[in-house]
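Enquirer: using only what follows, build the 3D model:
(2 chains)
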2 protein chains.
Amino acid sequence: MAVAAGGCSPPRAWPLEGTVMHMSPTETGKAWVCPTVRQTLLQIANDPTLDHEYLPVLGFPEFTRAATELALGRESRAVIENRVWTLSSTTSRASTQFLSATPLLTCPVYVPADSLRCIFQDAGFTEIRPYHYWDTVRLAVAIEEFLEVLEVWSWLELCQVPLVLNPSLFMSHSCSRKHLFPFFDVRAQGLASGDLDRDAWALRHFVAQGFELFCAQSFSKTFGLYDEQVGNLIVVARDNETLVGIRSQLQKQVTGTWATPASLGARVIATVLNNPALLNKWKQSLRMLAEKIMLIREKLKEKLRILGTPGCWEHLTAQSGTRSFTGLLPSQVAFLEKHKHIYLLGSGQVSVCSINSHNLDYVAQSINEAVSGTAGRAQGLSWAEME
Amino acid sequence: MAVAAGGCSPPRAWPLEGTVMHMSPTETGKAWVCPTVRQTLLQIANDPTLDHEYLPVLGFPEFTRAATELALGRESRAVIENRVWTLSSTTSRASTQFLSATPLLTCPVYVPADSLRCIFQDAGFTEIRPYHYWDTVRLAVAIEEFLEVLEVWSWLELCQVPLVLNPSLFMSHSCSRKHLFPFFDVRAQGLASGDLDRDAWALRHFVAQGFELFCAQSFSKTFGLYDEQVGNLIVVARDNETLVGIRSQLQKQVTGTWATPASLGARVIATVLNNPALLNKWKQSLRMLAEKIMLIREKLKEKLRILGTPGCWEHLTAQSGTRSFTGLLPSQVAFLEKHKHIYLLGSGQVSVCSINSHNLDYVAQSINEAVSGTAGRAQGLSWAEME
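Expert: Modelled structure (predicted):
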């Protein structure tokens, strides 16, 4: 699931006017579709044995099994101990609806700013607080602030797994001490480092530490399949007995609200994940995409340097993944939206994938104007201050 | 949406043991898939311009528009007067969830026996009463009983549209007098008479009479696409102002619970409905299917006559559509399930489509044993009594 700029509605990727920042790492500005998707869809369409019967309520088993293995790893102790259960549905919504029927409903929920607030709100949670994992002054991950907040959390949602890779060790320690309930939102596994296992490290670490947790996994970004239901909810419980209780409740709820999920998207992904040749091709696509994203970050930084844009832009390449904190002030974000039709999140985050060789100059020039015109420099430290 | 035998879960069509009664009007016992589905899915998979971007929250407009036209007719006054709105989602659930937030929540809901009760229950309705449109003694549509019940109803769900074709005139009069809110469930348009317009007559009549109503339309049966979300909710309001209010509420609710719907199923159907050549091919398939269903009814009746099965079996061919009241007693239904692995609904309804040349003899022989063994004859009148 991608996140729209602060709104409750799902993200829209239709071009508005001018340059719109959405996930389309193609030179044409069209959304990227993983090449294996087309190939697999053709295979499925050509399959004379496919009967289009109802899927099981909990989804296509070949899909949920392979997806879970991808997130937790083949050797996950939790899987071996029969403490993991999955379901394919509108995963975030199914899980928040489930959690709202538990005592957790009255606990505060910490969600990353500008993200997923609405899903918890819709499920009936009232105390939803934002947390910040980005230091807007130092333009780096806010590890200390993050750990400090952990001390007062009662449960939390961990978004942007790649970003919390480094502090995970400390975090899992703090979470454990505070009896927190972590909720992972894995929606771009492989797009941060180009390596599926590396991007899943934080989640696997929490599971290995014996945490009970939920993980909402989505393949929309990594397959370029936004128009199909390709989510998978992974439930990791303390023991099998607890799991059986959760399963029975969740199953009832999902049956009542969503009935059986749509199958074609899940079939496409299951085919790729379960076929070594296709899996390799997909992994290669992910690596190329991750490299391309890093290249765009490099190019944007270089353009801003050449334009003499005030401030330091090292943070653009110090981050990874499809979205990047720019360090732009709200007034500068507003300037870009109003005068340049470039739409960023309120936090100053940009979808790096929306930048391509056709609009790179325009984007860099616009950021330069925004920074030079409204605030003298970006909110970060200057080159001199960094040294 | 098909109906499982009395259970809350969606129907399962995996073979259990012996002969299972599900929608598979093929000689192999496999579920029927409309031939245009495969052809269209291949077209879609081959389309290089398809970008798999998010659909609008309310669904694929080409799908909802064409589907609504199919149900209400091209010339519907309600459409012209801008009083109709549609959305594609898990339609029955979206609509009952919406209705549960209105004063209708406290009113009794009348639903056809063995059908849709759970969906209303899940939405919070407490007073759900069954209604019977089949006279189990006379083995015919229970028009009088039906109209009598209308006198006390506060709102109702009209299922099996083809069955209520004849009494519709009286019904719309009674409904209007009692300020009832009709809810149509159109899930096999074209499979009763083989003619799409004829099967939609009751719905169109109610709309023409100026009723406000909901219509949950599904294409699963008519396209053989059970594994995709191919529902369309049609909202007909009194005037455009009322419609705007309903739309705003429903849109919010659907966004919160279901996000954007899956697209491939809707794309397949939209392609067929909007392409005259494919539409014609599909209509032809429906006609053939309807004829085949009638032929199966004829053959079963004939077999029972040859076997000398007690009772009159004229009602098998007096009905139309994919399901048929058999007139079997609950004890006979239980006998078939326990000893013959033939699974009927508790009301004695059988899915006619599950009978084919391979199992016809077995089914007829089993019914004969059930009737001869447990009750002497079916619950209906004997041939002599009919005359």
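
Enquirer: could you find the closest non-adjacent residue to the residue with the largest distance to the centre of chain A?
Expert: No residue in chain A sits farther from the centre than A:Pro48, which is 36.0 Å out by CA atoms, centre = their mean. Closest residue to A:Pro48 apart from its sequence neighbours, by CB to CB, 6 or more residues apart in numbering or on different chains: B:Arg38 at 7.9 Å. C-beta coordinates here come from the backbone N, C-alpha and C atoms, glycine included.

Enquirer: least confident secondary structure element in chain A?
Expert: When the helices and strands of chain A are compared on mean pLDDT, DSSP states H and E, helix A:383-386 comes out lowest with a mean of 38.

Enquirer: relative to B:Ile293, how far out is the residue nearest in space to the middle of chain A?
Expert: Compute the mean C-alpha point of chain A, and by CA atoms, centre = their mean the closest residue is A:Arg187, 3.5 Å away. Between A:Arg187 and B:Ile293 the distance, using CB to CB, to the nearest Å, works out to 46 Å.

Enquirer: coming back round to it: quick check: phi and psi on the residue nearest to the centre of chain A?
Expert: phi -130, psi 0 (degrees, to the nearest 10).

Enquirer: what does A:Ala142 give?
Expert: Dihedral angles for A:Ala142 - degrees, to the nearest 10 - are phi -90, psi 70.

Enquirer: just the pLDDT for it.
Expert: pLDDT for A:Ala142: 76.

Enquirer: now do the residue lying closest to it once chain neighbours are set aside, the pLDDT please.
Expert: Leaving aside its chain neighbours, A:Ala142 sits nearest to A:Asp135 (3.9 Å; criterion: CB to CB, 6+ apart). Looking at A:Asp135, its pLDDT reads 82.

Enquirer: what's the answer for A:Ser263, then?
Expert: At A:Ser263, pLDDT is 88.

Enquirer: quick check, it in contact with B:Leu225.
Expert: No: with contact defined as CB atoms under 8 Å, A:Ser263 does not reach B:Leu225; the gap is 9.5 Å.

Enquirer: mutual contacts of those two, please.
Expert: A:His52 (CB atoms under 8 Å, 6 or more residues apart in numbering or on different chains).

Enquirer: so the residue farthest from the centre of chain A lies in a helix, does it not?
Expert: No: going by DSSP: H, G, I helix; E, B strand; the rest coil, the assignment for A:Pro48 is coil, not a helix.

Enquirer: which bits of the stretch 151-300 of chain A sit near chain B?
Expert: Contact residues (CB under 8 Å from any CB of the partner chain) of the stretch 151-300 of chain A with chain B: A:224-229, A:255-265.

Enquirer: does A:Leu233 lie in a helix or a strand, and which?
Expert: For A:Leu233, the element it lies in under DSSP states H and E is strand A:231-236.

Enquirer: next, the buried residues of that strand.
Expert: A:231-236 (16 or more other CB atoms under 10 Å in any protein chain shown).

Enquirer: that strand pairs with which strands, and in what direction?
Expert: Its sheet considered, strand A:231-236 pairs with strand A:84-87 (antiparallel), strand A:213-218 (antiparallel) by DSSP bridges.

Enquirer: relative to B:Tyr54, which of these is closest?
Expert: With CB to CB as the criterion, B:Tyr54 lies closest to strand A:213-218 of these, at 12.3 Å.

Enquirer: what segments of the stretch 201-350 of chain A are helices?
Expert: Using DSSP state H, counting those that start in this stretch, the helices of the stretch 201-350 of chain A run over residues A:201-208, A:220-223, A:240-258, A:264-274, A:276-306, A:315-318, A:330-340.

Enquirer: helix A:264-274 and the fifth one, what's the angle between them?
Expert: In this structure, helix A:276-306 runs at an angle of 100 degrees to helix A:264-274, with axes from the mean of the first three to the mean of the last three CA atoms, to 10 degrees as the basis.

Enquirer: what pLDDT does the model give A:Pro48?
Expert: The model's pLDDT for A:Pro48 equals 85.

Enquirer: same check on A:Ala31?
Expert: pLDDT, A:Ala31: 76.

Enquirer: ok, now how distant is it from chain B?
Expert: 5 Å (CB to the nearest CB, to the nearest Å).

Enquirer: and the pLDDT for the closest residue to A:Ser220 other than its chain neighbours?
Expert: Distance criterion CB to CB, 6+ apart; nearest residue to A:Ser220, sequence neighbours excluded, is A:Tyr226 at 4.9 Å. At A:Tyr226, the model reports a pLDDT of 89.

Enquirer: next, count neighbours for A:Tyr226.
Expert: 26 (other CB atoms under 10 Å in any protein chain shown).

Enquirer: I'd say it and B:Tyr54 touch.
Expert: Yes: using CB under 8 Å, A:Tyr226 is in contact with B:Tyr54, at 4.6 Å.

Enquirer: outline the domain layout of chain A.
Expert: A:61-262, A:290-386 (automatic domain parsing).

Enquirer: what about the residue nearest to A:Gly73 when sequence neighbours are not counted, how many residues close to it?
Expert: Of all residues not flanking A:Gly73 in the chain, A:Arg204 sits nearest, at 5.5 Å (CB to CB, 6+ apart). Neighbourhood size, A:Arg204 [other CB under 10 Å]: 17.

Enquirer: and A:Arg204, what does it touch?
Expert: A:72-73, A:76.

Enquirer: what about the residue in the stretch 51-200 of chain A positioned nearest to chain B, neighbour count?
Expert: Of all residues in the stretch 51-200 of chain A, A:Asp122 sits closest to chain B, at 3.8 Å by CB to the nearest CB. For A:Asp122, the neighbour count with other CB under 10 Å is 18.

Enquirer: can you give me the distance of the residue lying closest to it once chain neighbours are set aside to A:Gln121?
Expert: In space, A:Asp122 comes closest to B:Gly256 once its chain neighbours are excluded; the distance is 3.8 Å by CB to CB, 6+ apart. For B:Gly256, the distance to A:Gln121 (CB to CB) stands at 8 Å.

Enquirer: next one: A:Asp197
Expert: Distance from A:Asp197 to A:Gln121, by CB to CB: 34 Å.
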